[in-house]
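A.B. asks: Give me a model of this one.
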Amino acid sequence: MTILIILFLIFLGILLLLLEFAVIPGVTIAGIGGVVMLGVSVYLAFNTYGVVAGIVTLAFVLIASPLLVFRFFKSRSGKKMVLDSEITGKVDQVDINLVHPGDEGITIGRLAPMGKVRINNQTMEGKSISGFIDQQVKIRVIEVLKTQVIVEPINHE
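C.D. replies: The predicted model follows:
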């Protein structure tokens, strides 16, 4: 009868660990309970059947648990739970050969303090150094950065 309890505890412990990794990730009662049940099964094997049975149970738990979790995530249903998407987006960079400090342009949208500007027929991200700038206002480039240009309104002077 005790061997059935040990096998049931091992089964339930592995099931709770799978539940922990797949359904409710993080350190929760399922994960802690799974580890405790596996530990209790090893303790019962040592206590009831002796050292040899305890070592066999311990080896089974230490080898079978990670293997079953690994095989679960390699299975078709496990792969559905794993996030495997790639980020292919990129940040638009300003071509420093086309835009230089002192160039003039116009705001496409309102700069509050950032927004879209058009300089030398190129649309890019602009940042105002003087607060808000309304749309369709003439601007001058103060500085060119990798991803944006720093601008000021021309009528600001």
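A.B. asks: Let me know the next secondary structure element after the lowest-mean-pLDDT helix or strand in the chain.
C.D. replies: When each helix and strand of the chain is scored by mean pLDDT, DSSP states H and E, helix 76-81 comes last, with a mean of 78. Next in sequence after helix 76-81, counting helices and strands by DSSP states H and E, comes strand 104-107.
A.B. asks: What is that next one packed up against?
C.D. replies: Strand 104-107 sits against strand 114-119, strand 138-144, with contacts defined as 3 or more C-beta pairs under 8 Å, 6 or more residues apart in numbering; DSSP states H and E. Any C-beta I mention is one placed from the backbone N, CA and C, and that applies to glycine too.
A.B. asks: Mind giving me the packing neighbours of the least confident helix or strand of the chain?
C.D. replies: helix 51-74.
A.B. asks: I'd like the mean pLDDT over the helix it packs on, please.
C.D. replies: Helix 51-74 shows a mean pLDDT of 90.
A.B. asks: Show me which residues of it are buried.
C.D. replies: Residues 53-54, 57-58, 60-61, 65, 69, 72 are the ones in helix 51-74 that count as buried (16 or more other C-beta atoms under 10 Å).
A.B. asks: List the contacts of that helix.
C.D. replies: Helix 51-74 has contacts (C-beta atoms under 8 Å, 6 or more residues apart in numbering) with 6, 10, 13-14, 17-18, 21-22, 38, 41-42, 45-47, 78-79, 81-82.
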